[in-house]
Structures are given as structure tokens and as C-alpha cells.
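**Student:** please find the sequence and the predicted model below.
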Amino acid sequence: MTGGSKLATTSTASSADSFWFKYVLSSIAAVCAETATYPLDLTKTRLQIQGEKAGGGALMAKRGMVSTALGIVREEGVLSLYQGLQPALIRHIVYTGSRMSIYELFREHILQREADGSFPVWKASLGGLIAGALGQLIASPTDLIKVQMQMEGRRKLEGKPPRVRGFFDAFQKIVAESGVKGLYRGVVPNVQRAALVNMGDLCTYDTAKQNILRHTDLKDNYVTHSLASACSGLVAATFGTPADVVKTRIMNQPTKNGKGLLYTGSIDCLIKTATQEGVMALYKGFIPIWLRMAPWSLCFWLSFEKIRRLAGASSF
């Protein structure tokens, strides 16, 4: 009886630490974090388009972060702060579930920990880079649809007809115009951004948590998780903002026969943005990115660690 009980316990623990179980747990935590911080993501996207020449050559009026957010509420309504939430949640179920599970797979079975149980910074960086790139490669179509839906309120104010009316409408129109490959417009800067963000996020959180537990008297609890997530949010925002600006502009640009009318690719967008608007234009939206990434990171890591513990999985 005792042997059977131990076998059942071992089997349960093994299931709780499986790839797909952790995938589901990380997806749930990501949905919680994304819903709580989404208005900042929408504000960030609108800020990144400012200064870009529209189809007719006119420049949008420039606003700050607070003015942009208030303008959205005043001109489009409070609910407009959640435009594109549906594809954003779908994206995170695919993207975060993939990146977190892939990172742990690399950490535990491919790159592997050191003999003392530590995971060196270079391994954490490489693992985060690969996990972020692969996760975003899988989820890129949902990101494209999210960006286009986020810009619908601005198009309405400019007197333009709606480009998309929902997630599936956007999906069908992109495929009809450009084929399946159209769903991967902006995939290069998207993957680049995700690789950099995850190198900063996962490596920093993992390394910071290890060092806090190793060099202080703090336990593996919400205090340690909060401190590690604060570090990871700042580093991820610093690494990822330039690639995020490029990604947003490429995904939002008008197209003809499946080809972008403003930029030929991520390098072209990077050069044009820096030369026409200055290098600091690559950091447009940094404050809302960081202000969003910090609470997003906090919400995600606290939720993720708590959900793992409740589900019987090991601590991250």
C-alpha cells in the first residue's frame, strides 16, 4: 500500500513537471498578466506610430504617453483601450506557453544546470534567446492581427474605413490578399524583438532569483519573485524597445499586392526611422513599454510561481 502511494505521488509530481502541464500553467499566468496591463500595450503601439508618415504624407500630431491614453479614452471610448485584446490573449497562450516551456526544456535537459544546481548567465541568455525566437515564430500571425486591430481606432478618427472587424475577419483578409505568407509579415523584427526581450526577461529573472536565494536570507516566496521580476522587466524593456518599434511599424504599414509601401524590411525600417526621426525614435514608447513590462512581469511571475505551487509543480 505504501509502495503504491509513493508510486502515485511520483507519477503526480512527474505529470506536474511535464512540458505540456507547464505550458498550460504559463499560459494561464500570461492571460492574467496580459488582461491586467493591456491598455499600456495599446498606448505603446499608438506612440510608436507617431512621427511616421501616413499614406498621404501627413504626419500625425505628437502626444506623450498620458495624452495618448487620455486621447484614446476621450476620442474613442474607454473600451477602446482593450482593442485587440482577443488576439493578444490568443498570442500569449501560444507565445508564452511555448517560450516558457522551451526555456525550461533547454535549462533542464539540453544546456543543463551546473553540478551545484546553478544555471550560468551565458546558458540562461542563450536559452532565453532561443526560447523567445521559437515562441514568437510560432505566434507571429496573432501578433500581426493584434497590431492591426489596435490601430483601428486611429483609422476611424482619420476618416478611413475599417480595415478589419475582428480576429477572424483580419485573418481571412490577410490570407486573401497575401496568402499564408502574409500572416508572417514583420516576422523577422518580431522574432528579433522576442529573442532580445526573452534573453533579458528569462535570463534576468532566473539569474536574479538564483542570486537572491544564494546570497540573502530571503526564501523562495513572493518577495523574492517580486524583486527578480522587477529586474527582469527593466532589462527586457531596454533590450526589446528598438526591435518593438520596428516590428510595430512594419506590421502596421499599408500594403499593395502583399508588399509593404513604406519599408522593404526590418533593416530598411530601422535606418529610415533613425535617419528621418533620430536614433532616439527607436525608443519611442519605452516608458509605457517599461511601465507595462514591469507590472506585466510582476503579475506573470507571481501568478506563475503561485499556480505552479498550487498545481504541485516545482518552483521555476
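**Tutor:** The structure has been received and is ready for your questions.

**Student:** which residues touch the most centrally placed residue in the chain?
**Tutor:** By CA atoms, centre = their mean, the chain has its centre lying nearest to Ala194, at 6.8 Å. Contacts for Ala194 (CB atoms under 8 Å, 6 or more residues apart in numbering) come out as 95, 99, 132-133, 135-136, 240. For every residue, glycine as well, the C-beta is placed using N, CA and C.

**Student:** can you map out the helices along the chain?
**Tutor:** For the chain, applying DSSP state H gives helices covering 2-16, 19-49, 65-76, 85-105, 121-150, 152-157, 167-178, 187-215, 222-252, 266-277, 286-311.

**Student:** mean pLDDT and distance to Gly258 added to those, as CSV?
**Tutor:** Listed next are those as CSV, based on pLDDT from 0 to 100; distance: least, CB to CB, whole Å:
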stretch, mean pLDDT, distance to Gly258
helix 2-16, 51, 45
helix 19-49, 88, 21
helix 65-76, 86, 29
helix 85-105, 92, 20
helix 121-150, 90, 13
helix 152-157, 70, 20
helix 167-178, 86, 3
helix 187-215, 92, 14
helix 222-252, 89, 13
helix 266-277, 90, 16
helix 286-311, 89, 29
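
**Student:** got a markdown table for the ones you listed, with distance to Arg113 too?
**Tutor:** Formatted as a markdown table, the helices of the chain follow (distance: least, CB to CB, whole Å):
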| stretch | distance to Arg113 |
| --- | --- |
| helix 2-16 | 18 |
| helix 19-49 | 17 |
| helix 65-76 | 41 |
| helix 85-105 | 11 |
| helix 121-150 | 8 |
| helix 152-157 | 46 |
| helix 167-178 | 40 |
| helix 187-215 | 10 |
| helix 222-252 | 17 |
| helix 266-277 | 35 |
| helix 286-311 | 18 |
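
**Student:** between the ones you listed, which gets nearest to Lys259?
**Tutor:** Proximity to Lys259 (CB to CB) singles out helix 167-178 among the helices of the chain, at 8.5 Å.

**Student:** residues of that closest one that come out buried?
**Tutor:** 167, 170-171, 173-174, 178 (16 or more other CB atoms under 10 Å).

**Student:** now swap in stretch 106-119 and tell me
**Tutor:** 106-107, 111, 119.

**Student:** so what touches that stretch?
**Tutor:** 120, 123-124, 126-127, 130-131, 206-207, 210, 214.

**Student:** tell me which two of those residues sit farthest apart.
**Tutor:** Ile130 and Arg214 (25.1 Å).

**Student:** neighbour-wise, which of those two wins?
**Tutor:** Remark: of Ile130 and Arg214, Ile130 carries more neighbours, 19 against 10, as counted by other CB atoms under 10 Å.

**Student:** surely the more buried one is in contact with Leu105?
**Tutor:** No. With contact defined as CB atoms under 8 Å, Ile130 does not reach Leu105; the gap is 10.0 Å.

**Student:** reformat the contacts of Ala194 as a markdown table; add neighbour count.
**Tutor:** Compiled in a markdown table, the contacts of Ala194 are given as follows (neighbours: other CB atoms under 10 Å):
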| residue | neighbour count |
| --- | --- |
| Tyr95 | 26 |
| Arg99 | 29 |
| Gly132 | 29 |
| Ala133 | 21 |
| Gly135 | 26 |
| Gln136 | 25 |
| Gly240 | 25 |
